[in-house]
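Q: Below is the sequence, then the predicted model.
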Amino acid sequence: MKLEPENIKASLSKHLGLDTKTSIIVVVGMGVTGISVARYLKGLDFNFVLADSRDKPVISDEIRLELAGINIQTGEFD
């Protein structure tokens, strides 16, 4: 079975109750894995927030441009 975006969305909806129109996901950490997950979710048109506890995480301008429009929160967690 090929993992087409619509099949992935249907599976996430069925098993986790996630919906691209109503769900907001928080991705914690802006390391390699967090950025990878952010790219994946953006490709599926999910609403998400990207958060990192560091005040200035190391993230390239290219990644910032690629994730333009995504809510990015940095700094100590409450």
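A: Perfect, I can see it now. Residues are numbered from 1 along each chain as shown.

Q: So which residue is smack in the middle of this protein?
A: With distances taken as C-alpha atoms, centre = their mean, residue 38 lies nearest the centre of the chain, 3.0 Å away.

Q: Pretty sure that one sits in a helix.
A: Yes: the assignment for residue 38 is a helix, going by DSSP: H, G, I helix; E, B strand; the rest coil.

Q: Output the below-cut-off pLDDT ranges for this protein.
A: Counting by pLDDT under 70, the ranges of the chain that qualify are 1-2.

Q: Now do the helices in it.
A: With helices called from DSSP state H, the chain shows them at 5-16, 32-43, 61-66.

Q: related to what we said a few turns ago, what's near enough to touch the residue nearest to the centre of the chain?
A: Applying C-beta atoms under 8 Å, 6 or more residues apart in numbering, we find residue 38 in contact with 27, 48, 50, 67, 70. Quick note: C-beta positions are derived from backbone N, CA and C, even for glycine.

Q: With neighbour count and distance to residue 61 as added columns, please give these in JSON lines.
A: Conversion of the contacts of residue 38 to JSON lines gives the following (neighbours: other C-beta atoms under 10 Å; distance: C-beta to C-beta, whole Å):
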{"residue": "27", "neighbour count": "21", "distance to residue 61": "19"}
{"residue": "48", "neighbour count": "19", "distance to residue 61": "20"}
{"residue": "50", "neighbour count": "25", "distance to residue 61": "15"}
{"residue": "67", "neighbour count": "18", "distance to residue 61": "11"}
{"residue": "70", "neighbour count": "15", "distance to residue 61": "15"}
